[in-house]
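Student: Attaching a predicted model along with its sequence, questions to come.
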Amino acid sequence: MRAIDLFAGCGGLSLGFQTAGFEVVAAFDHWKESCSVYTANFDHPIFQVDLSEVKNVGRFNEWNPDIIIGGPPCQDFSSAGKRDETLGRADLTVSYAEIISKVKPEWFLMENVERIRKSRVLQESLSILKASGYGVSSTVLDASYCGVPQIRKRFILVGHLHSEDGFLDHHLIRNQTAHPMTIHDYMGEKLDIEFYYRHPRSYARRGVFSIHEPSPTIRGVNRPVPKNYKKHEGDLYDPTKVRPLTTLERSYIQTFPEGFQWLGTKTCVEQMIGNAVPVKLGQYVAARILQYIQEGTVTRTREEQLELFSI
């Protein structure tokens with residue numbers, strides 16, 4: 001199946017789908033630095049475009065995608081952000097829905113933060129997608145139950161032309177692991193530490209964690225232990241004797257492979273890693289879609305779907 005990735009960032013979702021067996025043929029993003037990283041790691045092209053402009057969808061149609069995948073920027077919904085839908089980035093979710101409704105691939109995937117479920121723009125986007133003939137499945141997945149050594153809850157919305165709502169729910173849920181994946185489960189002895197520091201959002205929360213538990217959510221900042229940091233009652237070790245994870249270690253917890261090339265300033269790279277879709281989470285969702293297809297539930301080609309829709 002041919003896929004294009006919108007709001008591709010550094011390519012976590014693309015790499016996950018590619019690993020699962022999809023043919024990712026093109027990607028699109030607005031951030032120049034992430035486009036450079038994407039170009040360094042993929043053979044297919046990425047185009048630097050403003051995806052809020054959806055009047056001309058020819059640039060997407062020319063790739064004849066069977067599926068559009070993407071994670072519109074989520075800072076305006078995120079618990080790490082200001083949670084203000086009026087800031088502008090939330091409207092990109094609606095832009096994403098409008099692009100899908102105009103290109104009308106057989107499938108689409110949207111990934112976002114859990115908090116989007118309570119937003120106005122999700123309801124507006126769903127109205128656009130439903131009016132275009134899509135049945136949708138949605139759920140919140142914790143990445144630590146999907147092959148990622150990190151607690152990271154993400155909203156997953158999958159659409160398929162002319163299917164009933166909820167068509168993929170069972171597949172998305174039933175294949176999760178019984179227990180969350182720890183850093184040690186994933187990396188084994190590759191880390192030379194047992195405890196590490198992750199800067200908390202407030203000092204009411206702990207900052208020292210063990211590799212024998214899933215990582216907390218990887219964010220776009222990575223700070224050293226402050227000199228005035230006082231040990232929290234939940235800290236698992238002496239904070240004066242630990243270090244934060246390195247940039248590369250953080251990319252591994254996002255399940256990017258060794259050898260993935262990171263370009264740009266440290267600040268930019270840390271932000272790219274924190275904003276990325278974990279590769280294995282993307283792979284998990286892609287595998288569920290393929291599983292659904294391989295079970296014989298879907299047999300029509302994209303052209304047949306479009307012909308059916310036009311009747």
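Tutor: Happy to help now that I have it. All of these numbers come straight from a predicted model, not from anything done at the bench.

Student: For Tyr12, give its distance to Pro149.
Tutor: No Tyr there; residue 12 is Gly. According to CB to CB, to the nearest Å, Gly12 and Pro149 sit 15 Å apart. Quick note: C-beta positions are derived from backbone N, CA and C, even for glycine.

Student: Neighbour count: these two, which is higher?
Tutor: Shown here are Gly12 and Pro149; by other CB atoms under 10 Å, Gly12 has more neighbours (28 against 25).

Student: any idea how far that one lies from Lys227?
Tutor: Taken as CB to CB, the span from Gly12 to Lys227 is 34 Å.

Student: ok, now Gly159?
Tutor: In terms of CB to CB, Gly159 sits 50 Å off from Lys227.

Student: again, but for Leu51
Tutor: 42 Å.

Student: Bridged to Val208, which residues?
Tutor: Tyr197 (DSSP bridges).

Student: which residues sit in contact with it?
Tutor: Phe195, Tyr196, Tyr197, Arg198, Lys231, His232, Asp235, Leu236, Tyr237, Asp238, Pro239, Val242 (CB atoms under 8 Å, 6 or more residues apart in numbering).

Student: ok so, going back, who has more neighbours, Gly159 and Lys227?
Tutor: The residue with more neighbours, out of Gly159 and Lys227, is Gly159; 28 against 6, by other CB under 10 Å.

Student: element containing that one, please.
Tutor: Here Gly159 is covered by strand 153-161, with elements defined by DSSP states H and E.

Student: Does anything pack onto that strand? Which helices or strands?
Tutor: strand 107-113, strand 134-142, helix 279-294, helix 302-310 (3 or more CB pairs under 8 Å, 6 or more residues apart in numbering; DSSP states H and E).

Student: Partner strands of the first one, with direction?
Tutor: Within its sheet, strand 107-113 is paired with strand 67-70 (parallel), strand 153-161 (antiparallel), according to DSSP bridges.

Student: Quick check: which of those strands is buried the most?
Tutor: Scoring those by mean neighbour count under mean count of other CB atoms under 10 Å gives strand 67-70 as the most buried, with a mean of 26.

Student: Distance from the chain centre to that one, please.
Tutor: 11 Å (CA atoms, centre = their mean, to the nearest Å).

Student: What are the contacting residues of that strand?
Tutor: Under CB under 8 Å, 6+ apart, the answer for strand 67-70 is 1-8, 13-14, 17, 22, 60, 96, 99-100, 103, 105-111, 282, 289.

Student: how about 6 Å then?
Tutor: 1, 3-7, 13, 96, 100, 105, 107-109 (CB atoms under 6 Å, 6 or more residues apart in numbering).

Student: mean confidence for that strand?
Tutor: On average, the pLDDT along strand 67-70 is 98.

Student: Need the CA coordinates for it. PDB is fine.
Tutor: Provided in PDB are the C-alpha atoms of strand 67-70 (Å, rounded to 0.1, in the frame of the first residue of the first chain):
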ATOM      1  CA  ILE A  67      -3.400   5.900   2.800                       C
ATOM      2  CA  ILE A  68      -2.500   9.300   4.300                       C
ATOM      3  CA  ILE A  69      -0.800   9.200   7.600                       C
ATOM      4  CA  GLY A  70       0.000  12.100   9.900                       C
END
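
Student: possible to save the contacts of Val208 as CSV with pLDDT, secondary structure and distance to Asp165?
Tutor: Listed next are those as CSV, based on pLDDT from 0 to 100; DSSP: H, G, I helix; E, B strand; the rest coil; distance: CB to CB, whole Å:
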residue, pLDDT, secondary structure, distance to Asp165
Phe195, 97, strand, 45
Tyr196, 97, strand, 42
Tyr197, 97, strand, 44
Arg198, 96, coil, 38
Lys231, 93, coil, 49
His232, 95, coil, 44
Asp235, 96, coil, 45
Leu236, 92, coil, 43
Tyr237, 96, coil, 47
Asp238, 96, coil, 52
Pro239, 94, helix, 48
Val242, 96, coil, 47
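
Student: For Ser52, grab the count of nearby residues.
Tutor: That count, for Ser52 with other CB under 10 Å as the rule, works out to 15.

Student: Isn't it up against Thr93?
Tutor: No - the pair Ser52 / Thr93 is not scored as a contact, 10.8 Å apart, by CB atoms under 6 Å.

Student: Grab the nearest non-local neighbour of Ala276.
Tutor: Distance criterion CB to CB, 6 or more residues apart in numbering; nearest residue to Ala276, sequence neighbours excluded, is Gly12 at 3.9 Å.
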